[in-house]
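**Q** Fold the following for me, if possible:
(one chain, ligands or ions: 1)
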Amino acid sequence: MPPPTLPENLQIPLPHFPHDPESVRGFLHPNEGRALYHLAQLAPPELPAMEIGSYCGKSTLYLGYGCRHAERILYTLDHHRGSEEQQPGEEFHDPELLDPRSEQMDTLPELRRNLEQAQLLDSVVPMIARSRVAAQGWGGLLALLFIDGGHSFADASTDYRLWVPKLVPEGYLAIHDVFPNPKDGGQAPVTLLRRALTAGEFEQIAQIHSLAILRRR
Ligand code: MG
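**A** The predicted structure is shown next:
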């Protein structure tokens with residue numbers, strides 16, 4: 001049987017959701033979001049999905065609604081202190097997400113509010129941790145892994161090295177912010193894509209804007 005595929009036309013509107021993911025702040029093209037929604041349903045049944053980098057929950061909502069439809073649990077992992085480029089003075093800093101008491105970034109309240117409004121707390125499990133620490137205690141297998149965490153070479157490489165081995169055959173790996181041309185963006189995510197393809201364990205099934213989608217052989 002040929003593997004399931006994403007819809008050809010990602011413009012087709014999704015079902016009505018209690019909380020529109022497009023109203024959530026974040027960095028995701030609507031077609032990337034729709035692809036994640038469908039991917040969460042295509043992935044092998046019964047096993048959970050893992051998102052690395054929740055931020056305020058935009059992609060989490062797309063994935064979460066897809067997972068709920070597939071009766072799958074989505075774990076979404078973030079330390080919620082913002083990545084390097086989201087710190088004060090950096091390109092992607094949002095002053096509204098700075099906690100005045102700690103003077104640190106804090107995206108957790110926003111994620112929680114969005115998950116509550118989305119009515120997704122029965123399907124989505126937020127994990128507040130650094131990726132390396134969470135991976136140490138994670139013994140299970142994954143049907144879907146979405147890597148959208150720290151975009152430094154060190155962070156991206158750690159996420160790949162620790163989490164990709166947990167992905168089952170025929171499971172999906174999605175990588176965000178893949179820019180083959182350095183003029184378009186940082187180069188860490190595209191190195192993950194090249195690594196996956198070079199190792200021969202994955203085939204790329206789609207590229208939607210900066211979202212690369214691969215299937216494990
Ligand atoms: Mg991203």
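**Q** Can you show me the CA trace of the longest strand along the chain as CSV?
**A** In the chain, taking DSSP state E as the definition, the longest strand is strand 167-175. Extracted in CSV, the C-alpha atoms of strand 167-175 (Å, rounded to 0.1, in the frame of the first residue of the first chain):
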residue,chain,number,x,y,z
LEU,A,167,10.9,8.0,15.7
VAL,A,168,9.4,4.7,14.4
PRO,A,169,9.7,3.5,10.8
GLU,A,170,7.1,5.2,8.7
GLY,A,171,7.0,8.0,11.2
TYR,A,172,7.3,11.6,10.2
LEU,A,173,10.0,14.2,10.9
ALA,A,174,9.1,17.8,10.3
ILE,A,175,11.7,20.6,10.5
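**Q** tell me how far that strand is from the chain's mean position?
**A** A distance of 12 Å separates the C-alpha centroid of strand 167-175 from that of its chain, computed with CA atoms, centre = their mean, to the nearest Å.
**Q** Any buried residues in that strand, and which?
**A** Residues of strand 167-175 classed as buried: 167, 171, 172, 173, 174, 175 (neighbour count, 16 or more other CB atoms under 10 Å). Every residue, glycine included, has its C-beta placed from N, CA and C.
**Q** Among those, give me the pair with the biggest separation.
**A** Spanning the widest gap among the buried residues of strand 167-175 are 171 and 175, at 13.7 Å by CB to CB.
**Q** count of neighbours near the closest residue in space to residue 150 that isn't next to it in sequence?
**A** Among residues not flanking residue 150 along the chain, residue 83 sits closest, at 4.8 Å (CB to CB, 6 or more residues apart in numbering). Close neighbours of residue 83, defined as other CB atoms under 10 Å, add up to 19.
**Q** so residue 83 sits right up against residue 156, yeah?
**A** No - taking CB atoms under 8 Å as the definition, residue 83 is not a contact partner of residue 156, at 10.4 Å.
**Q** what touches both of the two?
**A** Residues touching both residue 83 and residue 156 by CB atoms under 8 Å, 6 or more residues apart in numbering: 149, 150.
**Q** and this protein, which residues reach the ion?
**A** Taking CB under 5 Å from the ion as the contact definition, the chain meets the ion at 148, 176, 177.
**Q** Report the separation between the first one and residue 121.
**A** This means residue 148. To residue 121, residue 148 is 21 Å away according to CB to CB, to the nearest Å.
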